[in-house]
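**Student:** Sequence and predicted structure are below.
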Amino acid sequence: MAKISFKHLPKPHKWTITFLTGILLVLVFVPSEPVSAYKNTPVPVLELGKRYDLAVDFDNLPEAQITAFDSAVERKMVKVKKGDNLAKIFNRAGLTPQETYRVSKMKDHADKLINLLPGESLGLEIDNEGKLKSISYMYSPTETLIINRNENNGFSGHVESKPVETRLNYTQGEVFNSFWNAGLKANLSESQIMNLANIFGWDIDFALELRAGDSFSVMFEEHFIDGEFVENGDIVAAQFINQGETYTAIRHSDGTFYTPEGRSLRKSFLRAPVNFKYISSNFNPNRFHPIQKRYKPHNGIDYRAAKGTPVVAAGDGKVIEAGYNRFNGNYVFIQHGETYVTKYLHFSKTAVKNGAKVKQGQVIGYVGATGMAEAPHLHYEFLVDGVHRNPRTVALPKALPIEPSEAKAFASIAQERLLQLNNNKRIMLAMN
């Protein structure tokens, strides 16, 4: 291939190349003004180890930017362990006993820090001098205790509460093999199942009288915070169909359940004063005693339960005997008015003393096997005018109906709740 030299190019091409070459030479040898300024500006030399001040005006910084420089506060989240108290928690966090003392001497809310439960948490803010600045303690889903150091080097606290939204929910179920399983299948919590049994426990023996095909419907509250579910609230209305008979309960504003007509479901005595697994021995005038090996009247009912299960007073009354003997073991006798006496035997330990006044539902002792007992159980007796009666079948006196002054307001509530229950039943039936 022949080579083409510059001198053999056409004249227009030569002029174009010469012009472009001239422009490039001008750009290379004549620097622009910014470049000249850069070259003529002296560059400061920083000395290693020397301190230099930054020209930052902190007074005019926005608050969000100022907090970015506050790195002198250490924030800790401390978990409460078994056996912990405030002193132990503070010691683990590196705080002094003096800080524990100052917080414990706080005028308001210091008592909330006494009974801390394992698994709970304390949020601590500690400054760079090791001093406590603040504490945050969420002791319930809706309430948080905030404690801050004040100007006098002491502490003061206040409670921040979140608003709770209450909604109504509904469920229903049918008993096939056990009420407990039916309740779980209906998405009731364990406490709701127990509460439902307590509501109707005056009229239905949940241990022995339930049958396959029995059914229940429950309307209850649910609590929400910031739109998120927190916990179940109270049952407000319920129906239970037992062996074809319908029992209905409506909750009044005082927390007591009444029939729609205003009669109290709460009798003067509980049918069973303990949460038992099963009845190991019924009321029997001709029972053969398994230890003494002879026929001896069994004047009560034996409720088998785990050792330590709480036993409550079947009704309001006064403890007329509380003690121990080799037959009864640890025992408690309660007088209810002039007519009734209840007896509780074989406690592992008692929780009341002779002469004490007790309320229905108050814990009076714990299931055990003291005295003449083969296994942990509660022996429960019910006496009317000094005569033993079967606790399961004795006619229990009725509690007082709703106050006349409250009757009109309750009637309105009852009508609304019954309408809601029936509407929900129809909806569920249509869905199924």
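**Tutor:** Okay, I see it.
**Student:** Shouldn't Q415 be within a strand?
**Tutor:** No - under DSSP: H, G, I helix; E, B strand; the rest coil, Q415 falls outside any strand and is assigned helix.
**Student:** residues touching it, list them.
**Tutor:** Q415 sits next to P260 when contact means CB atoms under 8 Å, 6 or more residues apart in numbering. Backbone N, C-alpha and C define where each C-beta goes, glycine included.
**Student:** and for stretch 336-343, what are the contacting residues?
**Tutor:** Taking CB under 8 Å, 6+ apart as the rule, stretch 336-343 contacts 268-269, 273, 300, 313-317, 320, 331-335, 379-386.
**Student:** let's see 7 Å
**Tutor:** Residues outside stretch 336-343 that contact it (CB atoms under 7 Å, 6 or more residues apart in numbering): 300, 314-317, 331, 333-335, 381-385.
**Student:** average pLDDT for that stretch?
**Tutor:** Stretch 336-343 carries an average pLDDT of 91.
**Student:** What are the buried residues along stretch 81-98?
**Tutor:** Using 16 or more other CB atoms under 10 Å as the test for burial, stretch 81-98 gives D84, L86, I89, F90, A93, L95.
**Student:** Pick the one among these closest to M372.
**Tutor:** Closest approach between the buried residues of stretch 81-98 and M372, by CB to CB: D84, at 42.5 Å.
**Student:** if I pick the closest one, what's in contact with it?
**Tutor:** By CB under 7 Å, 6+ apart, the residues touching D84 are L116.
**Student:** mind running it again at 10 Å?
**Tutor:** By CB atoms under 10 Å, 6 or more residues apart in numbering, D84 lies in contact with V78, R92, L116, L117, P118, E120, L122.
**Student:** can you list the domains in this protein?
**Tutor:** 70-161, 164-265+398-432, 278-389 (automatic domain parsing).
**Student:** Can you tell me which of those domains is packed in deepest?
**Tutor:** domain 278-389 (a mean of 17; mean count of other CB atoms under 10 Å).
**Student:** Widest-spaced pair of the contacts of D84?
**Tutor:** R92 and L117 (16.7 Å).
**Student:** dump the residue contacts of the closest residue to T350 other than its chain neighbours.
**Tutor:** Leaving aside its chain neighbours, T350 sits nearest to G365 (4.4 Å; criterion: CB to CB, 6 or more residues apart in numbering). G365 makes contact with 273-274, 309-313, 322, 330-332, 344-352, 378 under the criterion CB under 10 Å, 6+ apart.
**Student:** same for the longest strand along the chain, what does it pack against?
**Tutor:** Using DSSP state E to define each element, the chain has its longest strand at strand 228-242. Counting contacts by 3 or more CB pairs under 10 Å, 6 or more residues apart in numbering; DSSP states H and E, strand 228-242 is packed against strand 165-174, helix 190-200, strand 215-225, strand 245-251, strand 257-258, helix 404-431.
**Student:** picking that back up, and which of the contacts of stretch 336-343 is nearest to L429?
**Tutor:** So of those, ranked by how close each gets to L429 (CB to CB), first place is A314, at 38.9 Å.
**Student:** Give me the distance between the closest one and G361.
**Tutor:** A314 sits 9 Å away from G361, going by CB to CB, to the nearest Å.
**Student:** same check, this time on T144
**Tutor:** 31 Å.
**Student:** quick one, helices of this protein?
**Tutor:** 11-29, 33-40, 63-68, 86-92, 97-104, 179-185, 190-200, 404-431 (DSSP state H).
**Student:** Identify the bridge partners of I135.
**Tutor:** L124, I147 (DSSP bridges).
**Student:** so where's the chain shaky on pLDDT?
**Tutor:** Residue ranges of the chain with pLDDT under 70: 1-71, 283-296.
**Student:** Out of the helices and strands packed on strand 228-242, which gets nearest to V394?
**Tutor:** helix 190-200 (18.1 Å).
**Student:** check contacts around H377.
**Tutor:** Here H377 is in contact with 274, 276-281, 301-307, 309, 345-346, 367-369 (CB under 10 Å, 6+ apart).
**Student:** for R75, same thing?
**Tutor:** G123, L124, E125, I126, K133, S134, S136.
**Student:** Disregarding flanking residues, what is the spatial nearest neighbour of T246?
**Tutor:** Q239 (6.2 Å).
**Student:** wait, doesn't that neighbour sit right on L265?
**Tutor:** No - counting by CB atoms under 10 Å, Q239 stays clear of L265, with 11.9 Å between them.
**Student:** what's the overlap in contacts for the two?
**Tutor:** Common neighbours of Q239 and L265 (criterion: CB under 10 Å, 6+ apart): F200, Y247, T248, A249, I250.
**Student:** Redo those residues as TSV? Include distance to F224.
**Tutor:** Shown next, in TSV, are those (distance: CB to CB, whole Å):
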residue	distance to F224
F200	28
Y247	30
T248	28
A249	25
I250	24
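**Student:** Among the contacts of H377, which lie within strands?
**Tutor:** Among the contacts of H377, the members falling in strands (DSSP E) are Y278, I279, S280, S281, I301, D302, Y303, R304, L345, H346, V367.
**Student:** Show me which pair in these is furthest apart.
**Tutor:** Most distant of the ones in strands among the contacts of H377, by CB to CB, are Y278 and L345, 17.8 Å apart.
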